[in-house]
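> quick one, what's the 3D model for this:
(chains A, B, C and D)
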Protein chains: 2
Amino acid sequence: MIEELITLINKSVNLAPQDVDLCMSQFELVQFPHSAIIEVEGKVPTYLYFIISGYVRLFYFDEKGNEITTHINCPPGFITSYFNFINQKVSAENLQSITDCTLLRISKANLGFLLEHSAVFKNYSIMVFEQALAYNENRAKEMATLSAEQRYLKLIKNYPDVLKNVPVQYIASFLGMKPESLSRIRKKILQ
Amino acid sequence: MIEELITLINKSVNLAPQDVDLCMSQFELVQFPHSAIIEVEGKVPTYLYFIISGYVRLFYFDEKGNEITTHINCPPGFITSYFNFINQKVSAENLQSITDCTLLRISKANLGFLLEHSAVFKNYSIMVFEQALAYNENRAKEMATLSAEQRYLKLIKNYPDVLKNVPVQYIASFLGMKPESLSRIRKKILQ
DNA sequence: AAATCCACTTGATAAATGTTAGGAAATGAA
DNA sequence: TTCATTTCCTAACATTTATCAAGTGGATTT
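Predicted coordinates for the structure are as follows:
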C-alpha cells in the first residue's frame, strides 16, 4: 500500500532507501467505509491523510446549516484541513469519506519527526505547500472569473472520474452553486 | 524606511541585531509613480516587494482582453506573483502601482542568502507562506459561497481604506464582478 | 409488494448579475 | 484654458443563478 505514496514522492524528489524506511515507519494504514466522518469539526485535526483508494471530502456547515464542500480529493493525493493541521488549531471542517476508502495517515508529531530526520522530506513538504498555494490561488481565480457552467466543464475535463464517484450535490457545493443549477447545466450539456 | 519591515517581522519572530543588519543589507528601496508597471507579464518576477507606502495590485488580461485584478495590497504587506517568484517561472501577471508608492524589494538570490544565513528569517518565511495559503483558501471559499454584495461588505469592513485609494473598477474585478454591479451594490448600501 | 427515503431532476418564478449604451464628472494633454 | 480621455455612475434589458415546490426513479426497509 505504501508503494503508492513512495511512487508519488519519488516523482518530485529522490528518496534514498533509508528515507523509504523512515517513511514506512511513520505512516499508518487505515480503512473507512463510505460516508464515515474521519476528522470532526471543533477539534484539532489529528492526521494528515494520503489517499490510496476512494474519494474523500472536506465540508462544513454554514450559518443556515447547509453543508459546504470545500475540497474533494482522490488517489494519489493528500488531504486534511492543512492550515489547522500544520498549526494544530481547531478546525471548523469535517473530513469525510465519500466512498469506501483506504488511507495512510501520519500525526503532526510523526510528520515533524520525518521532516527533522530527512532533508528530502523537508524539501518535498515545501513543494507540497507551494502546490497547495498555487492550487488555492487558481481556485479563487476561477471562482471569481468563470460562470457556473464554465467551472463545471473545467472540472469534468480535468477530473472526469469525479463524476462517476462523487454525488452531484457535493460537486455542486464544491463548485459554488446549488444542486438545481448543476442539474440544469448537466441537462444543457447533454444536448 | 526599513523600520516598517523590521517592525512587521518582529511581530512574528524575534530578530537579533545581526538579523536586522543582514536584512537591511539585502533589501533595496525603490519608488514608483502611480500606475507604473513594476513587474511585467511574460517574464520571471525579479523581486519580492514590501510596501512602505501606497497601493499596489496584480492583474492579467483574460482571453477577451479584460484586465482581471487578482490581488490588491497596501502597507505593511508583501506582494509579488509568489509562486512564480519562488520557483523563478514566467508569470502571466503584471504588478502595478495604483498610487505613488515606496517599496522595499529583494531578489530571489538575496532572499536565498537571507534564509540561508538566518534561521529566524527561514522560520518567518514559512509563516508568511502559511498565511498566504490560509488567505488563498479563505478567498476561494468566499468567492464560492458569498454573494457579490456580501463580498463587498466584507471588503469595506476589513479594509475600509481600500475604497479611498483604489479605483472601484479594480475593486470590482478583485471581487469577481463587473463595475456596473458594484456600482449598483454601492448605491443600494447608501440607502 | 408497499412504504419510505434519498438523490436527482423539473418547472415556475424571483433575485442577482451581466450587457449595452449613454451621460456627468474628474483627469490629463495640448 | 480647451479638448480629449478616462472613470464612474445610471438605466433598460438580457442572462444566469437561486428559490420554492413538486415529481421521478432507485434503493432500502418493513
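> when you work out contacts or count neighbours from here on, use the C-alpha atoms and nothing else.
Fine.
> determine the set of other helices and strands touching the helix or strand where residue A:187 lies.
Assigned by DSSP states H and E, residue A:187 belongs to helix A:179-190. Applying 3 or more Cα pairs under 8 Å, 6 or more residues apart in numbering or on different chains; DSSP states H and E, one finds that helix A:179-190 contacts helix A:148-158, helix A:168-174.
> so which of the ones you listed is the most packed in?
helix A:168-174 (a mean of 20; mean count of other Cα atoms under 10 Å in any protein chain shown).
> what about that helix, distance to the chain center?
Counting by Cα atoms, centre = their mean, to the nearest Å, helix A:168-174 is centred 15 Å from the centre of its parent chain.
> what about that helix, near DNA strand D?
No. Shown here: helix A:168-174 not in contact with DNA strand D (Cα under 7 Å from any atom of the strand), separated by at least 8.3 Å.
> which other helices and strands contact that helix?
Secondary-structure packing of helix A:168-174 (3+ Cα pairs under 8 Å, 6+ apart): strand A:67-73, helix A:179-190.
> tell me the helices and strands packed up against the first one.
Helices and strands in packing contact with strand A:67-73 are listed as strand A:56-61, helix A:168-174; criterion 3+ Cα pairs under 8 Å, 6+ apart.
> how close does the spatially most central residue of chain A sit to residue B:80?
In chain A, the residue lying closest to the centroid (Cα atoms, centre = their mean) is residue A:79, at 3.3 Å. Distance, residue A:79 to residue B:80, using Cα to Cα, to the nearest Å: 27 Å.
> would you turn the helices and strands packed on strand A:67-73 into CSV with distance to residue B:25?
As requested, the helices and strands packed on strand A:67-73 are exported to CSV (distance: least, Cα to Cα, whole Å):
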stretch, distance to residue B:25
strand A:56-61, 44
helix A:168-174, 46
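> hmm, back to that, got a markdown table for the helices and strands packed on helix A:179-190, with mean pLDDT too?
Listed next are these as a markdown table, based on pLDDT from 0 to 100:
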| stretch | mean pLDDT |
| --- | --- |
| helix A:148-158 | 96 |
| helix A:168-174 | 97 |
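> nearest to residue B:142, out of the ones you listed?
helix A:168-174 (11.9 Å; Cα to Cα).
> quick one: residues in contact with that closest one.
A:67, A:68, A:69, A:70, A:71, A:72, A:178, A:179, A:182, B:144 (Cα atoms under 8 Å, 6 or more residues apart in numbering or on different chains).
> does any part of the longest helix anywhere in chain A sit near DNA strand D?
When chain A is parsed with DSSP state H, its longest helix is helix A:119-145. No. Judged by Cα under 7 Å from any atom of the strand, helix A:119-145 stays clear of DNA strand D, getting no closer than 9.9 Å.
> isn't residue A:78 up against residue A:53?
No. Using Cα atoms under 8 Å, residue A:78 makes no contact with residue A:53, being 11.6 Å away.
> if we can go back for a sec, what about the longest helix of chain A, near chain B?
Yes. Using Cα under 8 Å from any Cα of the partner chain, helix A:119-145 reaches chain B at A:130, A:132, A:133, A:134, A:136, A:137, A:139, A:140, A:141, A:143, A:144, A:145.
> wait, which of the helices and strands packed on helix A:168-174 is closest to DNA strand C?
helix A:179-190 (3.6 Å; Cα to the nearest atom of the strand).
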